[in-house]
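Q: return atomic coordinates for the entry below.
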Amino acid sequence: MELTEKQKKHLRGLAHPLKPAIQVGSAGVTAGLLKELHGTLEYHELVKIKVRTGDRAMRDAVIQQLADKTNATLVTRIGNVATLYRPRREDPAITLP
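A: Residues are numbered from 1 along each chain as shown. Prediction:
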């Protein structure tokens, strides 16, 4: 899903007060982590993820892998925190401009 800059700005505003709901540690992307992320995205639609891995390239790869495997869109990434968005299949709670 491609988002316009106006939509990304709107989502960043909604995500600002959120705390990271998912943390990726040294184990990386596991089946359990993906299952939890799928459920969290389905319930909240907008999720912050904290990635605690070595270097920047590894963090970027993990974030991209999470977005790809969950069919979510990367809204923003600041340091080791990324925000992903995926609307609910039924009755989305977040309305994009």
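
Q: how about the nearest residue to the residue sitting nearest the centre point of the chain, chain neighbours excluded?
A: For the chain, the residue nearest the mean C-alpha position is Leu84 (2.2 Å; Cα atoms, centre = their mean). Among residues not flanking Leu84 along the chain, Ala72 sits closest, at 4.1 Å (Cβ to Cβ, 6 or more residues apart in numbering). Backbone N, C-alpha and C define where each C-beta goes, glycine included.

Q: look up which helix or strand Arg59 falls in, please.
A: Using DSSP states H and E, Arg59 sits within helix 56-70.

Q: which helices and strands does that helix pack with?
A: helix 31-44, strand 46-51, strand 73-78, strand 81-85 (3 or more Cβ pairs under 8 Å, 6 or more residues apart in numbering; DSSP states H and E).

Q: and the shortest one, what other elements does it pack with?
A: Meaning strand 81-85. Looks like strand 81-85 contacts helix 5-15, strand 46-51, helix 56-70, strand 73-78 (3+ Cβ pairs under 8 Å, 6+ apart).

Q: the second one now?
A: Based on contacts counted as 3+ Cβ pairs under 8 Å, 6+ apart, the elements that strand 46-51 packs against are helix 5-15, strand 22-24, helix 31-44, helix 56-70, strand 81-85.

Q: partner strands of that strand, parallel or antiparallel?
A: Here strand 46-51 is paired, per DSSP bridges, with strand 22-24 (parallel), strand 81-85 (antiparallel).

Q: list the buried residues in that strand.
A: Of the residues in strand 46-51, 46-49, 51 count as buried by neighbour count, 16 or more other Cβ atoms under 10 Å.

Q: residue contacts, the residue nearest to Leu84?
A: If you count contacts by Cβ atoms under 8 Å, 6 or more residues apart in numbering, Ala72 has them with 41, 47, 66, 84-86.

Q: hmm, try it at 6 Å
A: When contacts are counted by Cβ atoms under 6 Å, 6 or more residues apart in numbering, Ala72 touches 41, 84, 86.

Q: could you do Leu11 as well?
A: By Cβ under 6 Å, 6+ apart, the neighbours of Leu11 are 75, 85.

Q: thank you, goodbye.
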